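**Student:** Sharing a model prediction with you, sequence too.
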Amino acid sequence: MIELRHITKRFAGVSGSVEALRDVSLEIAAGEIFGVIGRSGAGKSTLIRCINLLERPTEGSVIVAGRDLTLLKAPALRAARRDIGMIFQHFNLLSARNVFDNVALPLELRGESRAAIKAKVEPLLELVGLADKAGRYPAQLSGGQKQRVGIARALATDPKVLLCDEATSALDPETTEQILALIKDIRDRLKLTVVLITHEMAVVKEIADRVAVMEQGRVIEQGKTFDVFTRPQHATTRSFVADQIGFALPPALEKRIAADPDHVHAGLWRILFTGPHADEPVIAALSRNLNIDLNILHGRIDEIQGRPFGVMVVQARGSEAQLTAARQFLATRQLHVEDLNHVVRPDRIAV
Amino acid sequence: MSSALIELLFDGLLETLVMVGVSGGIGAAFGIPLGVVLILTDRGGILQNVPLNRALGLIVNAARSTPFIILMVAVIPFTRLVVGTSIGTLAAVVPLTIAAIPFIARLVETALREVPAGLIEAAEAMGATPLQIVTKVLLPEALPGIIAGLTITLVSLIGYSAMAGAVGGGGLGDIGIRYGYQRFLPEVMLAVVAVLIVFVQGVQSLGDRLVRRLSHR
Ligand SMILES: Nc1ncnc2c1ncn2[C@@H]1O[C@H](COP(=O)(O)OP(=O)(O)O)[C@@H](O)[C@H]1O
Ligand SMILES: [Mg+2]
């Protein structure tokens, strides 16, 4: 549905030019929710703004629904933009228009009749749960309500694509969850393709089918959300994932282990529970069958895109042979085990 | 107060109203579009054209930094060309309008600058044309600011019109100077000042009320 080919974007600045995007290529399939995550300044906003050419790439092409937007003349580009809805971090609603008229704006721009506008806007307000707020002005709405108006407005011209630029970053966690649920629901109902950029891994985890991680204008890693979360390849990705998933050992625990002179003799493992055996009673089997003492130090069980996923840090005490046997047992269960014995900080060790 | 004085004041008020109303109206008709052009052509504007922006800015600044009393005299040939005479209420409208246009343009420009860039961006993302961005986003969003600017302009024009009156334009200022000052009739002077105060107050509070009603921020 969306294809970015070798996009480079340079901004001319006072002290030379800034390369906000460096040879970025992405393919986003129809109907998927594609997340882009990165720290502030990584180039996420520039990237998403290149999709509707609010920002014209210095090099590369932007193909949406089979058409290269960079080749279009201004009128054709304006027409193409009506197939691409966009919502913003700060909502960008017109303060002088009430909710109804804000949602009506894209239809007015297209020259629709008042009757056609009414017929379109009312169901949209219903869809986003604001039917009773049609006459309110943005200043009278909460952040979540404002974003609902933004969503209704973005959907008014029946776009195929919805771009979300930090759409939940100005909202509290509870409202964020509601807005994400709404976006997901809309995607399912309207078969939209959604591109969502954020600096919050929780948002990606909640909603994205696939995710790209950006750093300094490049995409450093991309894949299915579950895979990126459970097997992050890049150090930056790992640190993003760490807080979300319980990869990181609590600092106090880390200190305690380091202070224990015995700890080098025991196995200190981080076990990732993914794959077909993720929900089997592996730990119990391990200690029963191999007769080793397992001390569970830390753990977290979660679900990503409906698939169960767990992380557990255990200390295993036993003979060298027992420990080796235990690791073999875990391997047969297709569980991923990392040795943390020399760990100071988990983001520094190789997976 | 004698009925003659009341009649005198009434005529003066009418002349002032004509001077301020006509110059304010024509000033707005030219000044608002000029303010819009200044915003659109500015660096980073949706129709960026820096040379044009600079040139217009220069003209506007030149007109604004010329003291009104000098402007009034300097444009006398032009005034003759337009209204056929350089004396009278209608003749006073010409320099007042010339003063009003750049004044309004700058105030409108300032009001338009207050419109968040995100709104323009959102409109662009919806496929709005530059004209649609002006009519559907910029002007409606800046309307309270524009009204506030026009109010300031009208109040200033009332003051300028008194100056214009001194060189034969008529109006309240003229009466104040001719009767109050030259013929030394302090009660006329006082009455003129009182009427001006009420007039300015009226314009200001009307403007403020309008701004409050239009603003939904
Ligand atoms: N209009 C612009 N002019 C100059 N530099 C810009 C502009 N927009 C973005 N940048 C620069 O490009 C880089 C990426 O910015 P951005 O895409 O906004 O990052 P993010 O959204 O990931 O925080 C930053 O270094 C930023 O300063
Ligand atoms: Mg950003």
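**Tutor:** That came through fine. Ligands and ions are numbered 1, 2, ... in the order given.

**Student:** Does at least one residue of stretch A:158-165 sit close to ligand 1?
**Tutor:** No. On the criterion C-beta under 6 Å from any ligand atom, stretch A:158-165 is out of touch with ligand 1, staying 7.7 Å away. Bear in mind the C-beta positions are built from the backbone N, C-alpha and C, glycine included.

**Student:** typed the wrong thing, it's stretch B:48-61
**Tutor:** No. Stretch B:48-61 lies out of reach of ligand 1 by C-beta under 6 Å from any ligand atom, never closer than 13.0 Å.

**Student:** Span of stretch A:227-242 from start to end?
**Tutor:** The straight-line separation of the ends of stretch A:227-242 (C-alpha to C-alpha, to the nearest Å) is 14 Å.

**Student:** actually stretch A:42-57, sorry about that
**Tutor:** End to end - C-alpha to C-alpha - stretch A:42-57 spans 16 Å.

**Student:** quick one: average pLDDT of that stretch?
**Tutor:** For stretch A:42-57, the mean per-residue pLDDT is 95.

**Student:** got the buried residues for that stretch?
**Tutor:** Residues A:42-55, A:57 are the ones in stretch A:42-57 that count as buried (16 or more other C-beta atoms under 10 Å in any protein chain shown).

**Student:** and residue 87, how many residues sit next to it?
**Tutor:** Went with chain A since none was named. The number of residues packed near A:Ile87 is 27, by other C-beta atoms under 10 Å in any protein chain shown.

**Student:** Not quite, go with chain B.
**Tutor:** 15.

**Student:** tell me the SS of A:Ser25?
**Tutor:** At A:Ser25 the chain is in strand, as set by DSSP: H, G, I helix; E, B strand; the rest coil.

**Student:** what sits against it?
**Tutor:** Each residue near A:Ser25 by C-beta atoms under 8 Å, 6 or more residues apart in numbering or on different chains is listed here: A:4-7, A:60, A:219.

**Student:** out of those residues, who's nearest A:Asp293?
**Tutor:** Of all the contacts of A:Ser25, A:Val219 has the smallest distance to A:Asp293: 44.4 Å, by C-beta to C-beta.

**Student:** did I read that right, the closest one in a helix?
**Tutor:** No. Secondary structure of A:Val219 (three-state DSSP): strand, not part of a helix.

**Student:** what residues are up against it?
**Tutor:** By C-beta under 8 Å, 6+ apart, the contact list for A:Val219 reads A:24-26, A:212-213.

**Student:** For A:Leu107, give me the backbone phi and psi.
**Tutor:** Dihedral pair for A:Leu107: phi -70, psi -40, per degrees, to the nearest 10.

**Student:** Surely it is in contact with A:Val121?
**Tutor:** Yes. Using C-beta atoms under 8 Å, A:Leu107 is in contact with A:Val121, at 7.3 Å.

**Student:** any common contacting residues for these two?
**Tutor:** Common neighbours of A:Leu107 and A:Val121, using C-beta under 8 Å, 6+ apart, are A:Ala156.

**Student:** Please tell me how far A:Gln233 sits from A:Glu338.
**Tutor:** Separation of A:Gln233 from A:Glu338 (C-beta to C-beta, to the nearest Å): 14 Å.

**Student:** Who has more neighbours out of the two?
**Tutor:** Set side by side, A:Gln233 and A:Glu338 give different neighbour counts by other C-beta under 10 Å, the larger being at A:Glu338 (18 against 15).

**Student:** Name the spans of chain A whose pLDDT lies under the cut-off.
**Tutor:** In the predicted model, chain A carries pLDDT under 70 at residues A:245-248, A:260-265, A:342-351.

**Student:** now with 80?
**Tutor:** For chain A, applying pLDDT under 80 flags the ranges A:242-267, A:274-280, A:301-302, A:305-306, A:308-309, A:334, A:340-351.

**Student:** same check, this time on chain B
**Tutor:** B:1, B:165-169, B:180-181, B:217.

**Student:** Can you tell me the closest non-neighbouring residue to the most centrally placed residue in chain A?
**Tutor:** Central residue of chain A (C-alpha atoms, centre = their mean): A:Val204, 2.2 Å from the mean position. Using C-beta to C-beta, 6 or more residues apart in numbering or on different chains and skipping residues adjacent in sequence, the residue nearest A:Val204 is A:Gly35, 4.1 Å away.
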